[in-house]
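*Asks:* Sharing a model prediction with you, sequence too.
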Amino acid sequence: MGEKPLLLSPARIGSVEIKNRVFVSSMCLYFSGRNGEVTDKMTAFFGNRAKSGTGAFIIPANPHGADKRARGSLAGDGRIAQWKPLMDAIHSPGARAFCQIHPSGIQFGRSGFAESPFDLSTDEIKALIESYAQGALRAKKAGFDGVEIHGAHGHEVALLLSERLNTRTDKYGGGTENCARSVTEMIARMKELCGKDFPVILRISGEERVPGGRELPGTLDICRLARAAGADAIHVSAGMPESEEWECPPSEIEQGVHAEMGRYLKAGLDIPVIVVGRIVDWRVAERMIKSGDADFVAMARTALAEANWAQAIGRDDVIIRMCIGCNQGCRTRREQNKAMAACLQNPLLGREEIINIVKDNHPKKICVIGAGVSGLEAANVFSQRGHDVTIFEREREIGGMFRWASTTPGKKSYMNVVEYYGKILPRQGVEIKLNSLVSGVPDGEWDLVVAAIGGTPIRPPIKTENVTPQTAVEFLAGGKLEPVSYVVIGDGLVGYEIADCIIERGGRAILVGNDPRDPVATQGVARWHFMKSRFDRAGLEIIRHSTVRRITPEGFAVKNDDGETREIEGSFGYVIACGFKTAAEDELRSFAGRAPVLTVGNADAPGDAMDAIHDAFDKSVTYSFA
């Protein structure tokens, strides 16, 4: 190990020293109780990351109004005591805790203006300011080391800060100083109640990134006003709900995307600047600190994917999961279902208080057939349980369908998942036999066979005349386009990705399908923004609520949900991207007889990569050997 990384050096926010430059930023994890109770789930999550070396955490709490599962409550003195176990879990390893004062308020573009801060009277704005300040005082009594005001991303404070949106005509609207007045008065009142040495951080969108929205010079003006009022640090991100692709940047956005904003604000301020946004590799974070882009770096999704991220700083021997920016479990599914945050590649997330994988007393010999993500995860769990695991894979590389999916536009970082398994499994003693096409169970004395052979591509009943459609995998494996124009059959997750790939390779595409879901539901808000921009530029034709009925060398016929048929002429290649069904029964039967069979992933139930990994994890953790 060479020179100690600057990331591991201590620094201060106000009077509080933090042992390194690493923050875990605030997230609405839905780990709290239904009425804002602080739970063992929260304590385990933050405590494990504190033990692994994270310097500080920003944890949201509701200071007033209705309590919800998204965050713990500080809406009354009776809520103070419930935070003690969590504070102890963070402080015991030497980490710090800051409370983000984060009411269950509205967001522009997401919830409308039914309870807009612009409609409040001047006295009601003053009451809002007092509530934030009282929340800060309760946070101090609960053991937090400081607080953060959430003034980013369209929440009520962000609305008041936005000259574009703030329509008030009193002293809390009109011009930078008035729009910032609610924040400056909050900071001053917090200092009055909590003491000048109690740190206050302002979280702010450096750029709103909406038409007519605030840009960096205006943000710097607000930050200077906040500094004059007593703010001890600025935490910069970007975006509003209209521009969520910047609030929670997806995989196509480069790491450290907000570094330039941090550098700009640091040049104009004399207080620390915390920068968040697609910080995954510790080397990127180190470069940001060294180059003066930030005093501290903050990450959220990175900490969901890997509890031990801080242990890898400056070390090559620590193998960790690297966030891929898919937003699938932590954003899309969470928002759609109002469910706990989850992670595609870390199925332990949200269950750290109830699952502890330990070695079994009697090691068994386990055969895993298939090195897609479900087979890899099953091998990962069983090897952690102390068993002798061998994987048989017919291809020359591990990763299965997920490897091919990683070749589509904006998904290069998805290979982080495959690379993690490629490193961790050999370390745990797993033998991987590639180029091993097996029929039935390979020779050996196996105590368990894990069937992770994936699903079978769905082929809809299309009449074909002298044309052979490709599957999605066949297309991705093919490389160059032959011909240039394609029809993609299927408008689910994979169909849109295949169309995107065709466009990236210089081709033209028509997408046809009858998936009832909006593409935002399958791709996620942030990823869809960039994908749709590419589609719009390329002129992608999307024919929804329709099925392809016939394909010939001269063209194809589609039938919509109303029964109307349309003929489209042209010379096309065809790619079927209609998803997968479970593995063929005869193939699964071929594994029976030699040992018990555990079927995981798409071989057992159709789904996406997250479903496959979580299914394999759940079955492998709970499997009981007779």
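*Replies:* Great, that's in hand.

*Asks:* When you work out contacts or count neighbours from here on, use the C-alpha atoms and nothing else.
*Replies:* Will do.

*Asks:* Might you list the low-confidence residue ranges for the stretch 1-150 of the chain?
*Replies:* For the stretch 1-150 of the chain, the stretches with pLDDT under 70 are 1, 104-115.

*Asks:* what are the ranges of the helices in it?
*Replies:* 40-51, 84-91, 122-142 (DSSP state H, counting those that start in this stretch).

*Asks:* Do you know the pLDDT at the closest residue to N514 other than its chain neighbours?
*Replies:* Closest residue to N514 apart from its sequence neighbours, by CA to CA, 6 or more residues apart in numbering: H545 at 4.0 Å. Note on H545: pLDDT of 96.

*Asks:* Quick one: the helices of the stretch 1-150 of the chain as TSV, columns for distance to P363 and mean neighbour count too.
*Replies:* Compiled in TSV, the helices of the stretch 1-150 of the chain are given as follows (distance: least, CA to CA, whole Å; neighbours: other CA atoms under 10 Å):
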stretch	distance to P363	mean neighbour count
helix 40-51	28	22
helix 84-91	34	20
helix 122-142	46	20
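
*Asks:* dump the residue contacts of the residue nearest to N514.
*Replies:* V512, G513, N514, D515, P516, N560, D561 (CA atoms under 8 Å, 6 or more residues apart in numbering).

*Asks:* Over to F98?
*Replies:* Counting by CA under 8 Å, 6+ apart, F98 makes contact with A56, F57, I58, I59, F144, D145, G146, V147, E148.

*Asks:* now do 6 Å
*Replies:* By CA atoms under 6 Å, 6 or more residues apart in numbering, the contact list for F98 reads F57, I58, F144, D145, G146, V147.

*Asks:* Roughly how far does K365 sit from D443?
*Replies:* 12 Å (CA to CA, to the nearest Å).

*Asks:* Looking at the two, which is more packed in?
*Replies:* Taking other CA atoms under 10 Å, K365 and D443 do not tie; K365 has more neighbours (15 against 9).

*Asks:* that's a strand at V548, yeah?
*Replies:* Yes: assessed with DSSP: H, G, I helix; E, B strand; the rest coil, V548 lies in a strand.

*Asks:* Excluding residues flanking it in the chain, which one is nearest it?
*Replies:* Using CA to CA, 6+ apart, the nearest residue to V548 is V558, at 4.4 Å.

*Asks:* beta partners of the one you found?
*Replies:* Beta-bridge partners recorded for V558 (DSSP bridges): V548, R566.

*Asks:* For it, give me the pLDDT.
*Replies:* Predicted confidence (pLDDT) for V558: 97.

*Asks:* What is the neighbour count of it?
*Replies:* Using other CA under 10 Å, V558 has 20 neighbouring residues.

*Asks:* R459 versus that one, what's the distance?
*Replies:* The value you get for V558 to R459, if CA to CA is used, is 16 Å.

*Asks:* The residue nearest to V548 and E564 touch, don't they?
*Replies:* No: the pair V558 / E564 is not scored as a contact, 8.2 Å apart, by CA atoms under 6 Å.

*Asks:* got the buried residues for stretch 511-527?
*Replies:* L511, V512, G513, N514, D515, P519, T522, Q523, G524, V525, A526, R527 (16 or more other CA atoms under 10 Å).

*Asks:* one step back: which one among the contacts of F98 gets closest to I187?
*Replies:* Set against I187, the nearest of those by CA to CA is V147 (10.0 Å).

*Asks:* Who are the contact partners of the closest one?
*Replies:* So V147 contacts F98, C99, Q100, V200 (CA under 6 Å, 6+ apart).

*Asks:* and the residues you listed, which of them are in strands?
*Replies:* Taking DSSP state E, the ones among the contacts of V147 that sit in strands are F98, C99, Q100, V200.

*Asks:* can you list these in CSV and add distance to L349?
*Replies:* Below are the ones in strands among the contacts of V147 laid out as CSV (distance: CA to CA, whole Å):
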residue, distance to L349
F98, 22
C99, 22
Q100, 22
V200, 30
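
*Asks:* May I ask which of those residues has the most neighbours?
*Replies:* Result: V200 is most packed of those (other CA under 10 Å), 31 neighbours.

*Asks:* Counting neighbours, what do you get for A312?
*Replies:* 17.

*Asks:* So it sits against R321, correct?
*Replies:* No: the criterion here is CA under 6 Å, and A312 misses it with R321 at 10.4 Å.

*Asks:* what comes into contact with the strand or helix carrying L304?
*Replies:* In this structure, L304 sits in helix 301-305 according to DSSP states H and E. Residues outside helix 301-305 that contact it (CA under 6 Å, 6+ apart): V280, C323, N346.
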